[in-house]
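>>> Here is my input; please provide its structure:
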Amino acid sequence: MNIAAKLDMNTKMQRLLAGKTAIVTGSTSGIGLGIAKAFAEAGANVVLNGLGQAAEVERTRQELADATGVTVGYDAADLMKPEDTAGLVHRAEKALGKVDILVNNAGIQYVAAIEEFPAAKWDAILALNLSAVFHATKAAFAGMKERRFGRIINVASAHGLVASPFKSAYVAAKHGVVGLTKVAALEGAEFNVTANAICPGYVWTPLVEKQIDDQARTHMIPREQVIRDVLLAQQPNKRFATVEEMGALAVFLASDMAASITGTALPVDGGWTAH
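Model prediction:
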């Protein structure tokens with residue numbers, strides 16, 4: 001292959017998602033924002049969704065649009081409400097003509113023993129981490145099947161594959177997401193609609209960084225010990241994944257090159273679930 005051909009291939013690889021439209025929930029920070037950035041850099045128009053100060057969200061949206069040249073929107077849908085979750089999809093379809101890619105990433109966590117777990121926390125975690133995935137998928141599914149193209153990417157967790165104590169609602173929800181992913185894969189298979197779950201271990205985000213500081217203060221141990229012996233105790237590689245890794249995997253799963261990958265739960269956990 002000559003140099004010109006290689007350059008042309010590299011350009012195509014960099015714009016794998018040109019002409020596509022993606023919704024990424026929970027994308028004003030962390031993993032979701034990393035995936036949204038990767039999609040925009042790959043040429044997809046992106047609708048952001050998530051919490052944050054209005055001015056900061058607008059700054060993020062504008063910076064991403066300016067840096068990539070694609071259309072970047074923002075929808076403040078409350079995913080705890082089924083009708084608002086469906087509305088997110090319908091508004092994106094109306095504004096941008098279609099939704100090719102749906103990334104269900106938004107989630108919350110709470111830690112407590114089963115006998116002490118507040119019922120309201122259980123209901124909230126199941127509503128956002130699992131039910132919202134269903135409602136968004138339902139809203140997008142018919143259009144994807146009709147156009148004979150769709151990519152549903154659910155950000156589950158290593159806890160969608162294994163369990164840890166004190167995380168009953170989160171583990172239950174993430175296991176449910178993996179199951180729902182498989183059902184969507186089967187129902188979409190003949191329509192070129194794929195569904196896959198990404199199952200990260202610990203990913204380096206501002207939220208995780210705060211956890212490190214909090215744990216270090218609580219247990220009066222060095223940050224390095226918190227990282228190795230607490231957070232990464234189950235990850236054999238002893239390193240955090242990055243949001244860029246999550247974004248790169250999501251771009252691949254959303255591309256034509258992953259057309260035959262569906263119904264999978266892909267661990268990105270440094271070997272955690274290999275135990």
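>>> Please report how far Val70 lies from Leu96.
Computed as C-beta to C-beta, to the nearest Å, the Val70 to Leu96 distance reads 10 Å. Any C-beta I mention is one placed from the backbone N, CA and C, and that applies to glycine too.
>>> Neighbour count: the two, which is higher?
Taking neighbours as other C-beta atoms under 10 Å, Val70 and Leu96 compare with Val70 leading, 22 against 18.
>>> who's in contact with the residue nearest the centre of the chain?
In the chain, the centroid-proximal residue (C-alpha atoms, centre = their mean) is Asn105; its distance is 3.3 Å. Applying C-beta atoms under 8 Å, 6 or more residues apart in numbering to Asn105 gives the contacts Val24, Thr25, Gly26, Ser27, Ile31, Gly32, Ile35, Val155.
>>> Name the helix or strand for Ala92, please.
Assigned by DSSP states H and E, Ala92 belongs to helix 82-96.
>>> after the longest strand along the chain, next one along is what?
Across the chain, the longest stretch assigned as strand under DSSP state E is strand 193-200. Sequence order places helix 206-219 as the next helix or strand after strand 193-200, per DSSP H and E.
>>> Tell me the helices and strands packed up against that following helix.
helix 223-225 (3 or more C-beta pairs under 8 Å, 6 or more residues apart in numbering; DSSP states H and E).
>>> Strands of the stretch 151-275 of the chain, start to end?
For the stretch 151-275 of the chain, strands defined by DSSP state E, counting those that start in this stretch occupy the ranges 193-200, 265-268.
>>> Find the one among the ones you listed with the highest mean neighbour count.
With neighbours taken as mean count of other C-beta atoms under 10 Å, those reach their highest mean count in strand 193-200, at a mean of 26.
>>> which other helices and strands contact it?
Going by 3+ C-beta pairs under 8 Å, 6+ apart, strand 193-200 lies up against helix 132-147, strand 150-155, helix 168-188, helix 243-254, strand 265-268.
>>> before we move on, the earlier item: as a markdown table, the strands of the stretch 151-275 of the chain with distance to Ala44 would be great.
As requested, the strands of the stretch 151-275 of the chain are exported to a markdown table (distance: least, C-beta to C-beta, whole Å):
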| stretch | distance to Ala44 |
| --- | --- |
| strand 193-200 | 16 |
| strand 265-268 | 20 |
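>>> Tyr170: which of these is closest?
Each of these has some distance to Tyr170 by C-beta to C-beta; the shortest is strand 193-200, at 12.8 Å.
>>> Using PDB, write out the CA atom coordinates for that closest one.
Below are the C-alpha coordinates for strand 193-200, written out as PDB (Å, rounded to 0.1, in the frame of the first residue of the first chain):
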ATOM      1  CA  VAL A 193     -29.200  -3.100  14.700                       C
ATOM      2  CA  THR A 194     -26.600  -4.200  17.200                       C
ATOM      3  CA  ALA A 195     -26.600  -4.000  21.000                       C
ATOM      4  CA  ASN A 196     -23.600  -4.400  23.200                       C
ATOM      5  CA  ALA A 197     -22.600  -3.700  26.700                       C
ATOM      6  CA  ILE A 198     -19.300  -2.200  27.800                       C
ATOM      7  CA  CYS A 199     -18.400  -3.400  31.300                       C
ATOM      8  CA  PRO A 200     -15.700  -1.200  32.800                       C
END
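>>> and the angle for that strand with helix 132-147?
Between the axes of strand 193-200 and helix 132-147, defined by axes from the mean of the first three to the mean of the last three C-alpha atoms, to 10 degrees, the angle is 150 degrees.
>>> Each with direction, which strands does strand 193-200 pair with?
Partners of strand 193-200 in the sheet, by DSSP bridges, are strand 150-155 (parallel), strand 265-268 (parallel).
>>> I'd like those written out as JSON lines, with mean pLDDT and distance to Gln109 added.
JSON lines is the format used below for those (pLDDT from 0 to 100; distance: least, C-beta to C-beta, whole Å):
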{"stretch": "strand 150-155", "mean pLDDT": "98", "distance to Gln109": "13"}
{"stretch": "strand 265-268", "mean pLDDT": "98", "distance to Gln109": "18"}
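>>> Nearest approach to Cys199 belongs to which of these?
Per C-beta to C-beta, nearest to Cys199 of those: strand 265-268, 4.8 Å.
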